[in-house]
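In: Next input, structure requested:
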Amino acid sequence: MANIKIYSAIVCPYAHRSRLVLLEKGVEFDLIEIDLQNKPPGFTDISPYGKVPAITHDGNRVWESAIINEYLDEVFPNPPLLPSNPVDKALARIWIDFANTRLVPAFSDVLRSPDPRKQAEATDLLYKHLEFIENEALGKSGDGLYWFGENISLVDLSFYPWFERLPALEHHRGFSLPSKLTRLHKWKDGLSQRESVKKIANSKEFYIERYARFATPAPVSVN
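Out: Take a look at the predicted model:
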């Protein structure tokens, strides 16, 4: 027994990442669902930022999804989810940073911005980021399905949760993954068929409903 507890929220894509890593590793864990609108007393003793995911393992705590995932890959080395080659390992970290600092903010701005002009700017930026992934990452990965060819990695698992949530963008903002991005479509479809992904997947209706509150324009105050 690995003695791991993961504090998660079903709607959170960051927690989704770490649950996928645990499942890919075949590690047993206890799942503790956190209501982010009504956090339990003492939660910040586990997650000092008050966010999910966070894990406890053998009395230690780790938080922030990208760091949790690398920790899990080191503690449970099989199957490995980072390349062993230092150059490829650095590249994997670059792509995970790209997800965190570029793709995710653009996704969020498309969904959340009540300003049509800012929404349009974010949409253009998100398309550019997706094209960059198509050409610079998947377009250079050879014949394999994943970021690093034949083997799935932390990079794939770091990006996938936002692609499972694309139906919310399509429903609320009219944004869809362009058909010309054929490698991205193949990658997304392939990931969706993995057992780890299917085990915790949610329907598109789930995301449309749960993300509706983020897409609703803020009410205009009247003085």
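In: Tell me the spacing between the spatially most central residue of the chain and Gly50.
Out: By C-alpha atoms, centre = their mean, the chain has its centre lying nearest to Pro161, at 3.8 Å. Note on Pro161: its distance to Gly50, by C-beta to C-beta, to the nearest Å, is 20 Å. Placement of C-beta: from N, CA and C, glycine included.
In: Check which residues of the helix ranked longest in the chain are buried.
Out: In the chain, with assignment by DSSP state H, the single longest helix is helix 116-132. For helix 116-132, the neighbour count (16 or more other C-beta atoms under 10 Å) marks Gln119, Ala122, Thr123, Leu125, Leu126, Tyr127, His129, Leu130 as buried.
In: cool, and stretch 37-52?
Out: Neighbour counts over stretch 37-52 (16+ other C-beta under 10 Å) mark Lys39, Phe43, Ile46, Ser47, Lys51, Val52 as buried.
In: Just the closest of those to Trp147, please.
Out: Val52 (24.6 Å; C-beta to C-beta).
In: my guess is that closest one meets Lys5, correct?
Out: No: with contact defined as C-beta atoms under 8 Å, Val52 does not count as touching Lys5 (11.8 Å).
In: Now Val155: closest residue in space that isn't a chain neighbour?
Out: Of all residues not flanking Val155 in the chain, Trp147 sits nearest, at 4.2 Å (C-beta to C-beta, 6 or more residues apart in numbering).
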